[in-house]
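Participant: Make a model of this:
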Amino acid sequence: LQQFTVTTTAQLFEVQYGSVILKKIASLLSIATLFGILIAQVVGFKSLMIALGFGSWFIVLPFWISVIAYTMIGGLRAITINDMVQMAIIISTFGGIFAYMLFNDPASLWNTFTAQTTVFQAQQLSLASISSIILMPGLFSLIEQDLAQRFFASRTKAVATTSALIAAIFLMLFAVIPVYFGMQAKLIVLAIAQDANPLIALL
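Facilitator: Numbering: from 1, shown residues only. Model (predicted):
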């Protein structure tokens, strides 16, 4: 992706296959999917605000309108800054909470992963389930503009490759935290209000 020297995933079709029509089709599909992702984020944010006691659309909509306007005006630099701030908040917040819980009960991580075997029933993996777990996210990552933009903005292929590898390893390790919280919520049979965020309710 980094070596194609393009700025959008849709441009790949024009550069690689010399087809303007494919570029336009890809652009329309990209707009539609990104709009769907934006709506999903808005709904997720509303769920988070409900759990905190602020579920009104009068709070949610102005927030998202300001975020969209800021991103459009600021361009790639604004997106990069947004990502850095979001990641810093997420990592410090949930990493700190996770460390705090383990500090108070060091055995809770092992006990949770041990106890979950009696709560969650094992599921047989089929070809369809494996493809939905691996293939679909893989294809999404290859064509999704938001992720590809990071590779397009990389200075060199080496920077893009190293960054992707480090990010992948970190994500695999960091994924233990939400899995741990999710198992905790299931094991204590947490009562969750309708449309509320389970993670916030647990915390």
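
Participant: and the strand or helix carrying Ile73, what does it pack onto?
Facilitator: Using DSSP states H and E, Ile73 sits within helix 57-104. The helices and strands touching helix 57-104, judged by 3 or more C-beta pairs under 8 Å, 6 or more residues apart in numbering; DSSP states H and E, are helix 20-51, helix 108-119, helix 176-187. (Glycine included, C-beta is placed from N, CA and C.)

Participant: Quick check: buried residues in the first one?
Facilitator: If you call a residue buried by 16 or more other C-beta atoms under 10 Å, then helix 20-51 has these buried ones: Lys23, Ala26, Ser27, Ser30, Val42, Phe45, Lys46, Ser47, Leu48, Met49, Ile50, Ala51.

Participant: Which helix or strand contains Arg155?
Facilitator: Per DSSP H and E, there is no helix or strand for Arg155.

Participant: Quick check: it vs Ile81, distance?
Facilitator: Per C-beta to C-beta, to the nearest Å, Arg155 is found 18 Å from Ile81.

Participant: Those two: which is more packed in?
Facilitator: A count of neighbours by other C-beta atoms under 10 Å puts Ile81 above the other of Arg155 and Ile81, at 13 against 8.

Participant: Skipping its backbone neighbours, what lies nearest the more buried one in space?
Facilitator: Of all residues not flanking Ile81 in the chain, Gly74 sits nearest, at 7.5 Å (C-beta to C-beta, 6 or more residues apart in numbering).

Participant: and Leu1, what is it in contact with?
Facilitator: With contact set as C-beta atoms under 8 Å, 6 or more residues apart in numbering, Leu1 has these partners: Leu12, Ala148, Phe151, Phe152, Ala160.

Participant: Contacts for the helix or strand containing Ala158, please.
Facilitator: Assessed by DSSP H and E, Ala158 sits inside helix 157-174. Residues outside helix 157-174 that contact it (C-beta under 8 Å, 6+ apart): Leu1, Gln2, Gln3, Ile91, Gly95, Arg150, Phe151, Ser154.

Participant: Sounds good, over and out.
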